[in-house]
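K.L.:
below are the sequence and a predicted model; questions follow.
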Amino acid sequence: MANNSMLFLAGLMGSGKSSVGKILASRLGWTYLDTDLIIESNTGNSIPEIFDKEGESGFRTHETEAIRNLDTVTRGIVSLGGGALERPENREAIRQMGTLVWLDVSPGVASKRLARSRNRPLIAEADSVAEIENRLGTLLNERKANYQTADVVLNPGTKSPQAIAKTIMDELGLSGPSHTPREISQVPDSPYPVFVDHGVLPQMPPLLEDSRLSSHAVLITDTRVEPLYRDQVETTLSEAGFTVHPRTIPPGEQSKSLATLGELYDFYAEQGLDRRSPVIALGGGVVGDLAGFFAASYLRGIPLVHVPTTLLAQVDSSIGGKVGVNLTAGKNLVGAFYNPLAVCIDVNTLGSLPEREWQTGLGEVIKYGFIGNREIYEILQSGRGKVREHILEIIRWSVQQKLGIVTRDFREGNVRRFLNFGHTLGHALEKVTKYQVLNHGEAVYWGMAAALYLSFKTDHLSKKKYRDALEVMDKMRFSLPPFRVDPEEVKAAAAYDKKRIRDTIHWVLLEDIGKPVIETDVGESLILEAIEFAREFTG
């Protein structure tokens, strides 16, 4: 068994990989992932649509990326597509990450299971079970040599998924759950626990068992996250005795609105909730903000549990108690400070993120390295590869840093403002580009380049420290989409920063790595210089 404890299930379509994988994940207390679902979530297209638009080779490229990005997963069960082993780089990545199990189901058995399936491109033209069986037989002959590279080969025949899962566990000497996620909120006077570990999703109920919650639970997610993790979370909660009331919203900022909030109020008013009914926010920042404000306002406040699934949400938006929705006039103009009952961070969900989503969370991680976490800064100095290698520790350090700050300054009157390093001009850039060009982390990366320039030009940061910081930024270099903006527009947008006080912008700059400072005396010409520098540096 590989050290990082991952199981990959391979085999023909119809071999039962998904059913067996979900049962294994439940019994072991591990996270379940499916590469086909990851690809659909990341592209926004179904598998047949991808085949139509990009052909099988295009699909295989998405598949290789999905497998490669699983390198941050530990204690995970992964269902692979039927042809995932065809590329040698996929086989090598799987070999490095975990144990491969081949479910050697015969084409005859698999074809009967697929008789009513119409969403499998490679058998779409088959008109009968016999034709499906013939096509599967051909695929098996083409793929058998690669299937035979598996560490474990099982011929399950017509056994039930439960029996197959037990056989795999017996074969590998597995029993579970044998691991309890760690609470890492080791911060004096922290108002709530934060759990950060691999495999948190299937073990949520025990983490909440002392909270005296009601049996009716709200589960809010979006259409991107729903196929990936909703079933696992809903099943886990149901098995613990909760009656789960799920609601799925469209992804993106447009859902963070009063209209969507009103739909949630209307729906849940009919579900029999009371003041101890928990709200489970499963997703990224939009889901967390919207579900959090629903929890803060419904029945004048009901328990909130954040289950963030993106790097940005895990290191930033799920921590600190800010919840809210947008107005036409601007982002987050209606909201509240409302602490959750708990935050449950399953690092394994990062295995389903595309590169650009990683990048948006990395912007906040870089910020933590600059404003105070020496361990994160040293990892950043080693390059992006080290970030992925140490992601569990980085998330824990990031959470500890933010939680320590917001516990001391919940309503952003003092040290919490340090968390805005890179955000003043970053937010202004987002606004000028109408939130359609850059994601939040990319804008913050751009804003940090400008903030470092201002730090140097205002004599806060020495030339050596300035160059060192820019070197780290360069090692973390973001691939930003092309855009053009008028520096005067960006400067004007920064003047309306919602954190300004009496029309004065409080710029967060650096005196040293790990030593932020507030500066209010920054001239307009210098701001324009910083905007131009950020454009050149990130271009």
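P.N.:
Looks like it arrived, so ask away.

K.L.:
scan the chain for its longest helix.
P.N.:
helix 47-68 (DSSP state H).

K.L.:
tell me the helices and strands packed up against it.
P.N.:
Packed against helix 47-68 by the contact rule (3 or more C-beta pairs under 8 Å, 6 or more residues apart in numbering; DSSP states H and E) you find helix 35-43, helix 88-97. For the C-beta atoms, the positions are set from N, CA and C on the backbone; glycine is no exception.

K.L.:
out of these, which is closest to residue 174?
P.N.:
The closest of the helices and strands packed on helix 47-68 to residue 174 is helix 88-97. By C-beta to C-beta, the value is 16.6 Å.

K.L.:
show me what that closest one is packed against.
P.N.:
Using 3+ C-beta pairs under 8 Å, 6+ apart, helix 88-97 is in contact with strand 6-10, helix 47-68.

K.L.:
show me how far the following helix or strand past that helix is from its chain's centre.
P.N.:
As assigned by DSSP states H and E, the chain's next helix or strand after helix 88-97 is strand 99-103. Remark: strand 99-103 is offset 27 Å from the chain centroid, using C-alpha atoms, centre = their mean, to the nearest Å.

K.L.:
got any ranges where the stretch 101-250 of the chain has weak pLDDT?
P.N.:
The stretch 101-250 of the chain contains residues with pLDDT under 70 at 116-118, 178-189.

K.L.:
just the CA trace of stretch 196-208, in CSV.
P.N.:
The C-alpha trace of stretch 196-208 is given here as CSV (Å, rounded to 0.1, in the frame of the first residue of the first chain):
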residue,chain,number,x,y,z
VAL,A,196,-8.2,20.7,8.7
ASP,A,197,-7.2,17.2,7.4
HIS,A,198,-7.5,14.7,4.7
GLY,A,199,-10.8,12.8,4.8
VAL,A,200,-12.9,15.2,6.8
LEU,A,201,-16.1,14.9,4.7
PRO,A,202,-17.1,11.4,5.7
GLN,A,203,-16.3,12.2,9.4
MET,A,204,-18.3,15.4,9.9
PRO,A,205,-21.0,14.2,12.3
PRO,A,206,-18.6,13.0,15.0
LEU,A,207,-16.9,16.4,14.9
LEU,A,208,-20.3,18.1,15.6
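
K.L.:
coming back round to it: tell me the most buried of the helices and strands packed on helix 47-68?
P.N.:
Among the helices and strands packed on helix 47-68, ranked by average contacts under mean count of other C-beta atoms under 10 Å, first place goes to helix 35-43 (a mean of 21).

K.L.:
what angle separates it from helix 47-68?
P.N.:
100 degrees (axes from the mean of the first three to the mean of the last three C-alpha atoms, to 10 degrees).

K.L.:
confirm residue 196 sits in a helix?
P.N.:
No. Secondary structure of residue 196 (DSSP: H, G, I helix; E, B strand; the rest coil): strand, not part of a helix.

K.L.:
next structured bit after the helix or strand of the chain with the lowest mean pLDDT?
P.N.:
Every helix and strand in the chain was compared by mean pLDDT, DSSP states H and E; the lowest is helix 204-208, with a mean of 83. Sequence order places strand 216-222 as the next helix or strand after helix 204-208, per DSSP H and E.

K.L.:
now the next helix or strand after that next one, how far from the centre of its chain.
P.N.:
Moving toward the C-terminus from strand 216-222, the next helix or strand (DSSP H and E) is helix 231-239. Distance, stretch centre to chain centre, for helix 231-239: 19 Å (C-alpha atoms, centre = their mean).

K.L.:
any low-confidence regions in the stretch 251-400 of the chain?
P.N.:
In the stretch 251-400 of the chain, no residues with pLDDT under 70.

K.L.:
where along it do the strands fall?
P.N.:
Ranges of strands in the stretch 251-400 of the chain, per DSSP state E, counting those that start in this stretch, are 279-283, 304-308, 322-327, 330-337, 342-346.

K.L.:
so which bits of the longest helix of the chain are buried?
P.N.:
47, 50-51, 59-60, 62-64, 66-67 (16 or more other C-beta atoms under 10 Å).

K.L.:
related to what we said a few turns ago, helices or strands next to the least confident helix or strand of the chain in the packing?
P.N.:
Taking 3+ C-beta pairs under 8 Å, 6+ apart as the contact cut, helix 204-208 packs with helix 231-239, strand 304-308, strand 342-346.

K.L.:
residue 437: which of the ones you listed is closest?
P.N.:
strand 304-308 (24.3 Å).

K.L.:
parallel or antiparallel, which strands does that closest one pair with?
P.N.:
Strand 304-308 has its sheet partners listed here by DSSP bridges as strand 279-283 (parallel), strand 342-346 (parallel).

K.L.:
can you list the domain ranges for the protein.
P.N.:
Per automatic domain parsing, the domain ranges recorded for the chain read 6-172, 194-352, 408-538.

K.L.:
can you pull the contacts of residue 355?
P.N.:
Residues near residue 355 by C-beta atoms under 8 Å, 6 or more residues apart in numbering: 65, 69.

K.L.:
can you do 10 Å?
P.N.:
Residue 355 makes contact with 42, 65, 68-69, 479, according to C-beta atoms under 10 Å, 6 or more residues apart in numbering.

K.L.:
which one of these is nearest to residue 257?
P.N.:
residue 42 (24.5 Å).

K.L.:
with adjacent residues omitted, what lies nearest to the closest one?
P.N.:
Nearest-residue entry for residue 42: residue 354, 4.3 Å, with adjacent residues in sequence omitted and distances by C-beta to C-beta, 6 or more residues apart in numbering.

K.L.:
tell me the contacts of that neighbour?
P.N.:
Counted by C-beta under 10 Å, 6+ apart, residue 354 has contacts 38-39, 41-43, 62, 65-66, 69.

K.L.:
one step back: mean neighbour count added to the strands of the stretch 251-400 of the chain, as JSON lines?
P.N.:
Formatted as JSON lines, the strands of the stretch 251-400 of the chain follow (neighbours: other C-beta atoms under 10 Å):
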{"stretch": "strand 279-283", "mean neighbour count": "28"}
{"stretch": "strand 304-308", "mean neighbour count": "28"}
{"stretch": "strand 322-327", "mean neighbour count": "21"}
{"stretch": "strand 330-337", "mean neighbour count": "15"}
{"stretch": "strand 342-346", "mean neighbour count": "26"}
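
K.L.:
where's residue 293 relative to residue 468, distance?
P.N.:
40 Å (C-beta to C-beta, to the nearest Å).

K.L.:
hang on, I meant residue 352
P.N.:
34 Å.

K.L.:
just residue 299 next, same as before
P.N.:
51 Å.

K.L.:
same question, residue 242
P.N.:
As judged by C-beta to C-beta, residue 242 and residue 468 stand 50 Å apart.

K.L.:
look at those two and report which has more neighbours.
P.N.:
Between residue 242 and residue 468, counting by other C-beta atoms under 10 Å, residue 242 is the more crowded of the two (22 against 15).

K.L.:
surely the more buried one is in contact with residue 276?
P.N.:
No. Between residue 242 and residue 276 there is no contact under C-beta atoms under 10 Å: 11.7 Å.

K.L.:
overlap in contacts, those two.
P.N.:
213-216.

K.L.:
possible to save those residues as TSV with distance to residue 79?
P.N.:
Below are the shared contacts of residue 242 and residue 276 laid out as TSV (distance: C-beta to C-beta, whole Å):
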residue	distance to residue 79
213	32
214	34
215	31
216	31
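
K.L.:
nearest to residue 527 among the helices and strands packed on helix 47-68 would be which one?
P.N.:
Of all these, it is helix 35-43 that lies closest to residue 527, at 37.0 Å by C-beta to C-beta.

K.L.:
which residues touch the nearest residue to residue 60 once chain neighbours are set aside?
P.N.:
Excluding the flanking residues, the one nearest residue 60 by C-beta to C-beta, 6+ apart is residue 87, at 6.4 Å. By C-beta under 10 Å, 6+ apart, the contact list for residue 87 reads 60-61, 63-64, 67, 93, 146.
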